Each structure stands twice: as C-alpha cells, then as structure tokens.
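# Structure of the sequence below:
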Amino acid sequence: MDAVTYPDQQVADYIDDSFVALKMAYDTQPFAEDFKVKWTPTIFVLDQSGNIHQTIVGFLPPEEFIPALELGLAKVDFDLDCLDECQHHLNRILGSHPRSASAPEAVYLLGVTRFKMTEQGGALKEAYYQLQERYPDSDWTRKASPYRLL
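So this is what the prediction gives:
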C-alpha cells in the first residue's frame, strides 16, 4: 500500500478530507492485540467512539481503496442511524465506482437503508433486481434473493 495506494493523490486527498488517519506498525501494543490484527495491511474504519464498522485486510489498489473506505463511512452512518448520510455515501460509490468490488454491497446496503427510511419492502426488492442485473454472480445478490418474494 505504501508503494502504490497511499502515494496516489486522489487517495491522499480522500483520506485527508474524510478521515482522521493513524498509521502504526502491525505489532504496536495494545492496539494489535485489542483489534486482533493478524495480517498487514489492516485498515479499520471506526466511529468517534472507537467502534469498528469496516475492516479491510490486504492490499487494494487506489481505484478499489477509495470505494472501500466510502463503504466504511456508509456503514458508520448506517449503524448510527444517520440514514441520509449513509445513502449519500452509497450513492457516491455507485456513481463514481460502479465496477468496484464495493459496489454490490453498496447496492444491497442502499436497499436496506431505503427500507429502514420508508418501511416499504419495494426498496429491498428493487435492490435485489439491481443486483441481479448488474452483479449476478455477487454474494450480495444471493443474500438479497429472498427480497424478490416481497
């Protein structure tokens, strides 16, 4: 990550704009033990209370790293019931990185977010059909498959 991803200007700008970043050696105590770091790189997206909402393990190129971090921000907002903000992050992933590995999960979580906002099962069903069309082989499509019955 140090040679390819972190030096990328878009990655650096995104991290500066969106995070309070902290980099440390994989074996720094007590963090390595507390967070159960077993491989590098390991990136955590935490909320202001220190709760983990997204864990990224292993190398990601810049074009995958930014949407993975954005998904982490969406998960923070989702878990804190900040659903408008969550929806914003998910739409950014789908608008800017629709072919990324994070996109199928973003479609799924967007459907769940919209369901939570409206209590309308159609949001879940729509998410399934979008997943089926765009990402037919994704695990997120399989996870959403019961929604087609709504």
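# Show the pLDDT at the residue nearest to residue 139 when sequence neighbours are not counted.
For residue 139, ignoring the flanking residues on the chain, the nearest one in space by Cβ to Cβ, 6 or more residues apart in numbering is residue 104 at 7.6 Å. For glycine as for every other residue, the C-beta is placed from the backbone atoms N, C-alpha and C. pLDDT recorded at residue 104 is 99.
# which helix of this structure spans the most residues?
Among the segments of the chain that qualify as a helix by DSSP state H, the longest is helix 62-79.
# any idea how far residue 118 is from the spatially closest residue to residue 97 that is not a sequence neighbour?
Among residues not flanking residue 97 along the chain, residue 67 sits closest, at 3.9 Å (Cβ to Cβ, 6+ apart). Distance, residue 67 to residue 118, using Cβ to Cβ, to the nearest Å: 25 Å.
# which of these two has more neighbours?
Set residue 67 next to residue 118 and count neighbours by other Cβ atoms under 10 Å: residue 67 wins out with 26 against 10.
# pretty sure that one contacts residue 100?
Yes - assessed by Cβ atoms under 8 Å, residue 67 is found in contact with residue 100 at 4.1 Å.
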